[in-house]
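Chemist: sequence first, then the predicted structure, then my questions.
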Amino acid sequence: MSDQTNPFLIVQGQLHRAVQNLGLSEDVYELFKEPMRISRVAVPVRMDDGRVQTFLGYRAQHTDVTGPTKGGIRFHPDVNEDEVKGLSMWMTFKTAVMGLPYGGAKGGVICDPGQLSERELEELSRGYIRLLSPVMGPEVDIPAPDVNTNPKIMGWMLDEFDRVRGHHSPGFITGKPLVLGGSLGRDAATGRGVLFVVLQAMDRLGIDPKKATAVIQGFGNVGSHTARLLHEAGIKVVAVSDVRGSAYDASGLDVPKLLTYASEHKTTKGFPGSRMISTDELFSLDVDVIVPAALENQIDGERAEQVRARIVAEAANGPTTPEGDELLAERGIFVIPDILCNAGGVTVSYFEWVQNTMGYYWPEQEVNDKLSRMMVDAFSTVYQMQQEHRVTMREAAYLVAVHRVAEAANARGWLRVNFQHEVPGAVLRGPLAD
Ligand code: NAD
């Protein structure tokens with residue numbers, strides 16, 4: 001992994017720049033440059049053929065300065081310690097941009113879930129939680145789904161945690177099945193948040209959604225809901241892709257049919273009436289919006305040169321390399337940064353945790369309305385910072401986020417900070433405050 005593609009080094013650079021832009025002491029960088037705790041676990045699984053195989057996993061907990069740590073668990077062959085560390089720090093800045101009462105965390109297991117049977121996957125999920133349960137809990141660290149994990153896996157993990165602790169603890173994990181205390185609207189929340197901020201950006205740039213076009217890389221939880229919601233908002237989705245292939249139709253894809261096709265065929269490739277295009281072609285299509293919704297480092301310098309869209313909406317975490325980011329900024333492309341763009345997921349996870357704590361559940365419309373208000377509010381704050389400080393949207397988001405965590409550290413007496421800039425919005429602006 002180079003400096004350009006290592007999420008841990010990338011987020012350290014982003015943090016450092018924000019500390020300097022805000023004129024804060026280097027102590028702020030020193031305090032937040034490393035996760036406060038990293039756990040490494042070796043999870044033995046009895047495979048279906050009788051062998052024992054051990055899988056390595058990690059959990060990085062970045063900071064609890066603003067509350068319990070929070071972040072997803074990823075199952076992927078490329079998981080590594082620096083990736084998990086970087087993703088945990090992005091979670092801190094994401095929850096801070098949204099004003100949620102959490103710090104950041106991230107977990108991962110090195111595995112290829114496609115090669116595991118359902119029983120093996122369950123044993124792995126349970127073993128990972130069993131080993132980490134001493135450092136987890138609804139007031140300590142709260143996991144959620146990420147790449148290749150889903151509500152079913154969250155259900156197994158919750159059950160394992162309840163067994164270890166000997167009592168029910170629904171607020172231990174979010175993104176779980178409804179019947180176990182999941183929230184209505186959580187499944188589509190990240191995609192819905194993407195829709196809200198894309199509409200905000202279009203409004204600021206004078207783009208009519210009914211005449212707009214979009215492409216989406218990744219057709220998992222985030223990509224597929226984003227495609228459906230953009231389509232429902234009248235935005236024409238002309239191309240989507242997944243790890244196995246892609247579907248392109250210049251006249252616009254029939255997204256509802258594509259969703260059925262993809263769930264039957266486990267890929268978007270071969271969708272009738274579409275043709276396959278390469279990832280390079282996908283990123284260079286002449287559309288209004290590009291939504292990377294797969295993995296990190298997809299828009300590097302070369303691809304950034306080719307982008308013709310006016311908006312890049314970062315639904316994935318870290319989809320743009322630092323070099324790609326610089327080029328997009330130079331070329332005047334409006335980037336909605338990941339820590340704002342995909343924050344709908346953790347925001348509704350927060351709603352889920354609040355509902356679990358109250359034991360009182362909200363209708364879906366209420367969840368979506370609260371999400372809309374918080375996404376629009378966060379977008380407006382970041383946009384205002386961008387305009388006032390003449391920086392990119394990403395730098396503006398970091399100004400808001402780093403200011404908030406520094407304020408919390410200051411209030412706890414961890415630091416002595418002289419704040420030179422005003423940042424709009426209070427640290428905690430929960431949806432219940434309306
Ligand atoms: P997922 O596992 O449901 O889907 C991932 C998708 O990306 C799949 O369609 C996969 O085929 C595709 N993909 C993988 N490699 C690809 C490649 N090289 N080219 C094209 N497509 C590829 O995962 P997800 O939950 O949708 O997460 C996607 C991204 O969004 C990740 O960066 C994740 O961290 C981020 N994210 C997820 C959530 C959430 O609520 N699930 C919230 C915030 C951010």
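Modeler: Noted; the coordinates are in hand. Bear in mind that the values here come from a model prediction, so they are computed numbers and not experimental data.
Chemist: gap between stretch 148-155 and the chain center?
Modeler: 16 Å (Cα atoms, centre = their mean, to the nearest Å).
Chemist: what's the average pLDDT for that stretch?
Modeler: Across stretch 148-155, the average pLDDT comes to 97.
Chemist: likewise stretch 229-246?
Modeler: pLDDT averaged over stretch 229-246 gives 98.
Chemist: from the ligand, how far off is the residue sitting nearest the centre point of the chain?
Modeler: Geometric centre of the chain, nearest residue: Asn342, 4.8 Å, by Cα atoms, centre = their mean. Separation of Asn342 from the ligand (Cβ to the nearest ligand atom, to the nearest Å): 4 Å. (C-beta placed from N, C-alpha, C; glycine too.)
Chemist: now swap in Ser274 and tell me
Modeler: Taken as Cβ to the nearest ligand atom, the span from Ser274 to the ligand is 15 Å.
Chemist: I'd say that residue and Gly245 touch.
Modeler: No. Using Cβ atoms under 8 Å, Ser274 is not in contact with Gly245; the gap is 9.9 Å.
Chemist: neighbours around the residue in the stretch 151-300 of the chain that the ligand sits nearest to, how many?
Modeler: In the stretch 151-300 of the chain, no residue comes nearer to the ligand than Gly220, which is 1.7 Å away by Cβ to the nearest ligand atom. Here the number of neighbours of Gly220 (other Cβ atoms under 10 Å) works out to 18.
Chemist: what's near enough to touch it?
Modeler: 147, 242, 293-294 (Cβ atoms under 8 Å, 6 or more residues apart in numbering).
Chemist: so the residue nearest to the centre of the chain touches Arg192, yeah?
Modeler: No. Asn342 lies out of contact with Arg192 (Cβ under 8 Å); the separation is 10.8 Å.
Chemist: show me which pair in the contacts of Gly220 is furthest apart.
Modeler: Largest separation among the contacts of Gly220 by Cβ to Cβ: Val147 and Asp242, giving 12.1 Å.
Chemist: so which strand or helix has the residue in the stretch 1-150 of the chain positioned nearest to the ligand?
Modeler: Nearest residue of the stretch 1-150 of the chain to the ligand, counting by Cβ to the nearest ligand atom: Val147, 4.1 Å away. When elements are assigned from DSSP states H and E, Val147 belongs to no helix and no strand.
Chemist: send me the host helix or strand of Lys85 as CSV with only the CA atoms.
Modeler: Element membership for Lys85 (DSSP H and E) is helix 81-98. These are the backbone C-alpha positions of helix 81-98, laid out as CSV (Å, rounded to 0.1, in the frame of the first residue of the first chain):
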residue,chain,number,x,y,z
GLU,A,81,-4.7,-3.2,10.2
ASP,A,82,-4.0,0.2,8.5
GLU,A,83,-7.3,0.0,6.6
VAL,A,84,-9.2,-0.6,9.8
LYS,A,85,-7.3,2.2,11.6
GLY,A,86,-8.0,4.6,8.9
LEU,A,87,-11.6,3.7,8.6
SER,A,88,-12.1,4.1,12.4
MET,A,89,-10.7,7.6,12.2
TRP,A,90,-13.0,8.5,9.3
MET,A,91,-15.9,7.3,11.5
THR,A,92,-14.9,9.8,14.2
PHE,A,93,-15.0,12.7,11.7
LYS,A,94,-18.2,11.4,10.2
THR,A,95,-20.1,11.3,13.5
ALA,A,96,-18.6,14.7,14.4
VAL,A,97,-19.8,16.3,11.1
MET,A,98,-23.3,15.0,11.9
